[in-house]
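Enquirer: Whatever this is, show me its structure:
(one chain, ligands or ions: 1)
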Amino acid sequence: MNLMFKSTRNEQNSVTASQAIVKGIADDGGLFIPEKIPKIDFKIEDIVDWGYQELAYNVLKLILSDFTKEELEYCINGAYDEKFDTNIIAPLKSVKDVFFLELFHGKTLAFKDMALSILPYLLKIAARKNGVDEEIVILTATSGDTGKAALEGFADVDGTKIIVFFPEDGVSPVQKRQMITQKGKNTFVAGIKGNFDDAQTGVKKIFADKSFSDELKEKGYIFSSANSINIGRLAPQIVYYFYSYAQMLKSGNIKAGDKINFTVPTGNFGNILAGFYAEKMGLPINRLVCASNENKVLYDFFKTGKYDVNRKFIVTVSPSMDILISSNLERFLYHMCEDAGKTRQLMDSLNKNGNYKFDIENEYISAEYADVSETFKAIKNLYDETGYIMDTHTAVAYAAYNKYKNNSNDDTKNVIVSTASPFKFAKDVCFALNDEYKDIDPFDALKILAKLNKSEVPAAIKNIDKREILHKDIIEKDGLKDFIISRLV
Ligand SMILES: *Cc1c(COP(=O)(O)O)cnc(C)c1O
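Expert: This next block holds a predicted model:
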């Protein structure tokens, strides 16, 4: 029996995992969720000697159950290979009293690579399984990291095109340069005059525009999504929660069955949601700490039950978390009430009024936040004490974790989910370490950071300022559709 997926807004029409991956988002605008969250069929102590690929297979087969063993192995082996600069794929580092799960060893130096390295493979097979002949057009809104990781994943993949929209003034200089220098004849990139929420809302509108998708279908195209609304993004992210546990077992820091905490720097709520699924599948987790920056809608929601985007959007030093509408929270809300009608109501209210109220009784997630000055202090203090350098997003989580620990007296062993290489945000990291670096050139910062970190500049961004700029479009925030049409037809 295959595990089926239904919409958060309508429990009726369920689809297989491969269909959910092709579609990206449900026809009613809801997100696909598993009808029943599967339990692991291995013992937790068994994972201690598994490599990343073996663990990925044993987790993914439970969720993507209509993929055959051969298909999944093909996807996993294609994704998690020498593209990563370590054969451990996602190393766990013990620093002071916490563990850092480094998810930034892939091609674009951010955790998005963990899922976007495998998504093109999953999508290709999913299309084949479902007899899809049209060319698949991946539409992506990015707060900086998804865009580049998706571009790398899909560049020159047969049968696909990838279109990325990013907030022109809302990403780091390195992030922007990574995207606009992307090669590949099927890649399209545009900056939009707006913030991430504008980009994401624009893309969601296009997904919901039935007549537009019919029009494109006639021309031989179908849309899909590489954002974490796609279940093909979420599922691979569950794996590394188990993998951290395996590494802690192996190093003797825990015994099988001991519970651990994870603190997750959160934006669109995809990463932490994968942690929630891991817990539901049987990973011994005590708490997931949701860490926000100053755009702390999620923190306020978990404290008060009121979700409210009617506030100022703040551009911070952790741009990939500068998000007011956290898409994947919808999935969590559904799991908390198991009522599609209610979820639809909340989302309607969010669309209409920019807010909703939901009395959240929840034993899984705690929330904290850190502002820019706390984030900078966290980077500097940890570096001074240990020599370990965090990126700005990871530092939000580290600062938030320390608040959580003080406020809760919970001293469960904690993993900080480390989502980006400090090199991706080199300028701000250097500034955090020393005021003298306030106004340095963002590309000079790479070399300075390499010195401080006693390492090389990662190959992925070495000399990035010298690469040719291939994508120059800047569009209005209501100009997404025109851009797509101009590129496809
Ligand atoms: C995307 C991203 C986040 C936020 O992850 P979500 O799954 O959107 O919550 C945090 N840090 C970095 C570096 C990211 O790229």
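
Enquirer: so where does residue 287 fall, helix or strand?
Expert: strand 285-292 (DSSP states H and E).

Enquirer: List the neighbouring strands of that strand plus their orientation.
Expert: The strands beside strand 285-292 in its sheet (DSSP bridges) come out as strand 260-265 (parallel), strand 365-369 (parallel).

Enquirer: So which bits of that strand are buried?
Expert: Using 16 or more other CB atoms under 10 Å as the test for burial, strand 285-292 gives 285-292. From N, CA and C alone the C-beta is placed, and that goes for glycine too.

Enquirer: again, but for stretch 94-113
Expert: For stretch 94-113, a neighbour-count test (16+ other CB under 10 Å) marks 95, 98-113 as buried.

Enquirer: Find the nearest non-adjacent residue to residue 39, please.
Expert: Leaving aside its sequence neighbours, residue 39 sits nearest to residue 282 (CB to CB, 6 or more residues apart in numbering; 5.3 Å).

Enquirer: show me what contacts the one you found?
Expert: By CB atoms under 8 Å, 6 or more residues apart in numbering, the contact set of residue 282 is 39-40, 44.

Enquirer: try 10 Å this time
Expert: Contacts here follow CB atoms under 10 Å, 6 or more residues apart in numbering; on that basis residue 282 touches 37-44, 242.

Enquirer: Select from those the one having the most neighbours.
Expert: Neighbour counts for the contacts of residue 282, by other CB atoms under 10 Å, peak at residue 242, which reaches 23 neighbours.

Enquirer: In terms of helices and strands, where is it?
Expert: Here residue 242, judged by DSSP H and E, is contained in helix 231-250.

Enquirer: And the nearest residue to residue 257 once chain neighbours are set aside, how close does it get to residue 52?
Expert: Excluding the flanking residues, the one nearest residue 257 by CB to CB, 6+ apart is residue 284, at 5.9 Å. Residue 284 sits 20 Å away from residue 52, taking CB to CB, to the nearest Å as the criterion.

Enquirer: quick one: which of these two has more around it?
Expert: residue 52 (22 against 14).

Enquirer: Wait, that one touches residue 103, no?
Expert: No - between residue 52 and residue 103 there is no contact under CB atoms under 10 Å: 11.4 Å.

Enquirer: joint contacts of those two?
Expert: 89-90, 114, 240, 243.

Enquirer: Spell out which residues of this structure are next to the ligand.
Expert: Residues of the chain lying close to the ligand (CB under 6 Å from any ligand atom) are 110-112, 145, 228, 265-271, 320-321, 393, 419-420.

Enquirer: Which ones among those map onto helices?
Expert: Mapping the residues of the chain next to the ligand onto helices (DSSP state H) picks out 112, 145, 270-271, 393.

Enquirer: any idea of the mean pLDDT for the helix or strand that residue 62 is a member of?
Expert: Using DSSP H and E, residue 62 maps to helix 52-63. Helix 52-63 shows a mean pLDDT of 98.

Enquirer: got it, and stretch 383-402?
Expert: On average, stretch 383-402 scores 98.

Enquirer: ditto for stretch 248-259
Expert: For stretch 248-259, the mean per-residue pLDDT is 98.

Enquirer: buried sites along it?
Expert: Across stretch 248-259, burial judged by 16+ other CB under 10 Å covers 248-249, 254.

Enquirer: and if you look at stretch 67-83?
Expert: If you call a residue buried by 16+ other CB under 10 Å, then stretch 67-83 has these buried ones: 67, 71-76, 79-80, 83.

Enquirer: which pair in these spans the largest distance?
Expert: Taking CB to CB, the two most distant members of the buried residues of stretch 67-83 are 67 and 83; they sit 21.0 Å apart.

Enquirer: roughly how far out does the helix holding residue 242 sit from the chain middle?
Expert: Chain-centre distance of helix 231-250: 13 Å, with CA atoms, centre = their mean, to the nearest Å.
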